[in-house]
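**Q** please find the sequence and the predicted model below.
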Amino acid sequence: QYEVDYLSMTNSSTYTWSTGDTTETISVTPTETTEYWVDVTANSITCREYITINVTAPAAPTGDTEQTFCDDTTIADLTATGDNIQWYDAATGGNLLDSTAVLIDGQMVYASQTVNGCESTDRLEVTVSIQDITITASVTEVCAGESVDLSVIGGINSTYLWSTGESNFSGQGTLVDEYSLIANTVSQNTFSIIPGNIYRLEVSGTISLGGGAGNQRDVAYYIQSGPDGTTEGTPFDSACNLRIWTALFCDTPGLRPSPDIYDASTHTYSYPFTANSSILDVGFWDSPLGDNGPNVVTFKLYELSNSESTITVTPTETTEYWVDVTTNDLTCRDYITIDITSPAAPTGSPVQGGCSDFTVGSNNNAFTGVNFQWYPTPSGGTALPDSHLLVDGTYYYISQTVDGCESSDRFEFLYLAPEPTITINSPIICEGDSTTVSVSSSPSQGSTTFLWNTGETSDSINLSPTESTTYWVDQIYNSGGPENIQTVCRYFFGI
C-alpha cells in the first residue's frame, strides 16, 4: 500500500514539476521515500521548492518457505511471522485467499503483512506439501479369522506406528548389498555408497559375549538380564569399532535405531542416513573372542526413494485400524475399516432325536441355515466327516457357511438316539424248533417301548420260523422333558 499525496501551488504562475507535469496540482504514487520539486516562474523569475514524501513499506513477513500438512488443510493452517497476515495466490497482485480455502499438494501461496495501515509489497513465498497417507488393504471385507495385509507408503525418513502397536518397515528401499559375520571372529566389511543418496542400514542378529547374565545383546539392547541391574530390553549406547558396529556409530556416538523399539523376536533394526562419503564400514570387534558364541549378524544396505510399512491383521469382528506416519516431525494418521462377514449360527431345536445308525451325512435332524458343518466342540476343532456315527446323549455344534464365510458361532443341540440291543438265544435252529428273541435299551434320558413285526409289544418273543426269515422290531422312544422328543426306529434281524 502506498501513500498518494497531492502537491499544489496557488498562484497564476507557470509550473514545471520534477515529474514533468506542468499543472498547478499533481498526483504522485511513490514506491519509496521520494523528494519532489517544482519550478515556479512568475514575472520572468523562476524559483524552486522541494518536498519529501515518506513511504511506509513494511518488509515481507518471515516463515518457513515449505510447509507440510496432513489432509484437509486450509489457509488458516499456514504460519508466517508478522502483523495482520494476508495470503494471496500470486507474488504480486493476485487474489486474496479466504482462510477456509483448501490447500493442495505443491500449491504456492504468498503472504503479506500490514503495519500501521500499510501492506508490504514484498510477499513471503510458501510451497505447500500435503503428506498423503493412505492405507491400502489386500481386501476390505473378509470372513472372521481370515488375514488381511495392510500397508502404507511414506517418505524416505518416515517412521510408522500402527494401532496394533507394530512399527515395522516392509519392502523399504532397494537392496544394494549385504554382509554376514560370525561374532567369534573380528570382522569388517566396506559397502560402496554414493554421497548425497539416502540409504537404510538394517542390522539383525544377536551376540553372546561369553558366559554370565547380561552378556547377550543385539546391536542396541541387552537381551538378557545382568548382575549390574540391567534388564532385558534395556538400551545401551552404540560405540565406534566395538561389538556390532558401523561407521554411523563413529560419526554419531550413541546413535539409536529408527524406530527405537526393542523387538525380542527379530532383533532387527534400521538406521536411515544420507551418505556423506563413498564408503560405509560395518563389522564386529570384541576381546577376548574365545568365549563368544558363533552367532550370525547380518548387515543389509538399502537405497531409498520412499519407505513402506506392512502389517498382517486377523480380525474376528469389523475393526477400524489406523497408522501414524511421522515425517520431518509431522505426524499424520489414516484410518481403514476391515468389515467382517460373520453369519449367525444356524437355528433349530436344542434337543433332537434320531436312530442309532444315523450319521452326520445321513440323518433327519432339522436346522435353519445353509451349508452345515458339525463339530464336537463349541469352537475350534475339526469338522466331523459325513460318515461319523451320531451317539445318543451327545452334544453337537453346528455352523453354517454363507457367501463363503463360516459362522464363528455354532448352534448347540443334544442328540438323543438310544441304540437297542437285540439278543437271539439261538440264531440258527432246526425246522420246527423255536428260539427266544429279546430287546433292551438304555437311553441317556427318557424311556422306550417296542413293537415286533408279530404285533407283540413285550421285551421278548418266541419265534418258530419254518424257513430262514428276517424279522424286525420298532423301538418307540420318548425323551420326556419339555421337548418330549419322539422317534420310531426299526431294526432288522434274521433267524
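**A** Noted; the coordinates are in hand. Numbering: from 1, shown residues only.
**Q** to which secondary structure element is the nearest residue to L330 once chain neighbours are set aside assigned?
**A** Counting by CB to CB, 6 or more residues apart in numbering, T68 is the residue found nearest to L330 once chain neighbours are left out, at 5.3 Å. Using the backbone N, CA and C atoms, a C-beta is placed for each residue, glycine as well. Using DSSP states H and E, T68 sits within strand 66-69.
**Q** which residues are in contact with that strand?
**A** Residues from elsewhere that reach strand 66-69 (CB atoms under 8 Å, 6 or more residues apart in numbering): 77-79, 103, 126-131, 327-328, 330.
**Q** can you do 7 Å?
**A** D77, L78, T79, L103, V126, T127, V128, S129, I130, Q131, N328, L330 (CB atoms under 7 Å, 6 or more residues apart in numbering).
**Q** for S187, name its beta-bridge partners.
**A** F284 (DSSP bridges).
**Q** I'd like to know how far it sits from A275.
**A** Shown here: S187 relative to A275, a distance of 22 Å by CB to CB, to the nearest Å.
**Q** state the three-state secondary structure for F249.
**A** Three states are possible here, and by DSSP: H, G, I helix; E, B strand; the rest coil the one that applies to F249 is helix.
**Q** so it sits right up against D237, yeah?
**A** No - with contacts defined as CB atoms under 7 Å, F249 does not count as touching D237, sitting 8.9 Å away.
**Q** the more surrounded of those two?
**A** Neighbours were tallied for F249 and for D237 using other CB atoms under 10 Å; the higher tally belongs to F249 (21 against 11).
**Q** enumerate every residue touching that one.
**A** Going by CB under 7 Å, 6+ apart, F249 touches S238, A239, C240, L255.
**Q** again, but for Y221
**A** Taking CB under 7 Å, 6+ apart as the definition of contact, the neighbours of Y221 are G233, T234, P235, Y262.
**Q** drop anything exposed from those.
**A** Buried by 16 or more other CB atoms under 10 Å: Y262, out of these.
**Q** so who does the residue nearest to N54 when sequence neighbours are not counted touch?
**A** Ranked by CB to CB, 6+ apart and with sequence neighbours excluded, the top spatial neighbour of N54 is T33, at 4.9 Å. Neighbouring residues of T33 by CB under 7 Å, 6+ apart: T52, I53, N54, V55.
**Q** which of these fall in strands?
**A** For the contacts of T33, the ones inside strands are T52, I53, with DSSP state E as the criterion.
**Q** nearest to W17 among the contacts of T33?
**A** Taking CB to CB as the measure, W17 sits nearest to I53 out of the contacts of T33, at 12.8 Å.
**Q** and the closest residue to T466 other than its chain neighbours, what pLDDT?
**A** Of all residues beyond its chain neighbours, the one nearest T466 is E431 (6.0 Å), with distances taken as CB to CB, 6+ apart. What the model reports as pLDDT for E431 is 85.
**Q** surely E431 is within a helix?
**A** No - using three-state DSSP, the secondary structure at E431 is coil, not a helix.
**Q** give me the neighbour count for it.
**A** Using other CB under 10 Å, the number of residues around E431 comes to 8.
**Q** what about the strands in the stretch 251-400 of the chain?
**A** Taking DSSP state E, counting those that start in this stretch as the test, the strands found in the stretch 251-400 of the chain are 268-274, 279-285, 296-303, 307-313, 319-327, 330-341, 347-348, 351-353, 367-368, 372-375, 394-402.
**Q** related to what we said a few turns ago, can you pick out the most distant pair from the contacts of T33?
**A** The farthest-apart pair in these, when distances are taken by CB to CB, is T52 and V55, at 10.0 Å.
**Q** neighbour count winner among those two?
**A** For the pair T52 and V55, the greater number of neighbours falls to V55 (16 against 9), based on other CB under 10 Å.
**Q** the more buried one and E35 touch, don't they?
**A** No - counting by CB under 7 Å, E35 is not a contact partner of V55; they are 11.6 Å apart.
**Q** quick revisit: which among the strands of the stretch 251-400 of the chain is found nearest to F492?
**A** Of all these, strand 351-353 comes closest under CB to CB, at 20.0 Å.
**Q** so how far is that closest one from its chain's centroid?
**A** Shown here is strand 351-353, whose average C-alpha point lies 46 Å from the average C-alpha point of the whole chain (CA atoms, centre = their mean, to the nearest Å).
**Q** what packs against that strand?
**A** Strand 351-353 makes packing contacts with strand 411-416 when contacts are defined by 3 or more CB pairs under 7 Å, 6 or more residues apart in numbering; DSSP states H and E.
**Q** now the strand it packs on - C-alpha only, CSV.
**A** Below are the C-alpha coordinates for strand 411-416, written out as CSV (Å, rounded to 0.1, in the frame of the first residue of the first chain):
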residue,chain,number,x,y,z
PHE,A,411,-25.6,-74.0,17.3
GLU,A,412,-25.5,-76.4,20.2
PHE,A,413,-28.0,-79.2,20.4
LEU,A,414,-28.4,-82.5,22.3
TYR,A,415,-28.8,-85.6,20.1
LEU,A,416,-31.0,-88.4,21.5
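**Q** quick check: next helix or strand after it?
**A** Moving toward the C-terminus from strand 411-416, the first helix or strand encountered (DSSP H and E) is strand 421-424.
**Q** mind giving me the packing neighbours of that next one?
**A** Packed against strand 421-424, as judged by 3+ CB pairs under 7 Å, 6+ apart, are the following elements: strand 435-440, strand 486-494.
**Q** list the contacts of the shortest one.
**A** Where contact means CB under 7 Å, 6+ apart, the residues beyond strand 435-440 that reach it are 420-426, 429, 450, 459-463, 473, 495.
**Q** now with 8 Å, please.
**A** By CB under 8 Å, 6+ apart, the list of residues contacting strand 435-440 from outside reads 420-427, 429, 450, 459-464, 471, 473, 475, 493, 495.
**Q** pull out the buried members of these.
**A** Buried residues within the contacts of strand 435-440, counting neighbours by 16+ other CB under 10 Å: P420, I422, I424, I429, F450, I461, L463, Y471, V473, Q475, F493, I495.
**Q** T319: which of those residues is nearest?
**A** Within those, proximity to T319 (CB to CB) peaks at Q475, which comes in at 51.6 Å.
**Q** wait, a strand at the closest one?
**A** Yes - the assignment for Q475 by three-state DSSP puts it in a strand.
**Q** just to revisit the earlier point, could you tell me which residues touch both of T52 and V55?
**A** The overlap between the contact sets of T52 and V55 (CB under 8 Å, 6+ apart) consists of T33, T34.
**Q** before we move on, the earlier item: dump the buried ones among the contacts of strand 435-440 to CSV, plus distance to P195.
**A** Below are the buried ones among the contacts of strand 435-440 laid out as CSV (distance: CB to CB, whole Å):
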residue, distance to P195
P420, 91
I422, 94
I424, 99
I429, 106
F450, 97
I461, 104
L463, 105
Y471, 100
V473, 96
Q475, 91
F493, 95
I495, 102
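**Q** from those residues, which two are the most distant?
**A** Comparing every pair within the buried ones among the contacts of strand 435-440 by CB to CB identifies I429 and Q475 as the most remote, at 24.6 Å.
**Q** circling back to that earlier point, tell me which of the contacts of T33 is nearest to N292?
**A** V55 (77.2 Å).
**Q** hang on, that closest one packs against E32?
**A** Yes - with the criterion set as CB atoms under 8 Å, V55 and E32 qualify as a contacting pair; they are 5.2 Å apart.
**Q** and the residue lying closest to T23 once chain neighbours are set aside, what are its bridge partners?
**A** If the residues on either side of it in the chain are set aside, T23 comes closest to Y15, at 6.8 Å by CB to CB, 6+ apart. Beta-bridge pairing for Y15 (DSSP bridges): V40.
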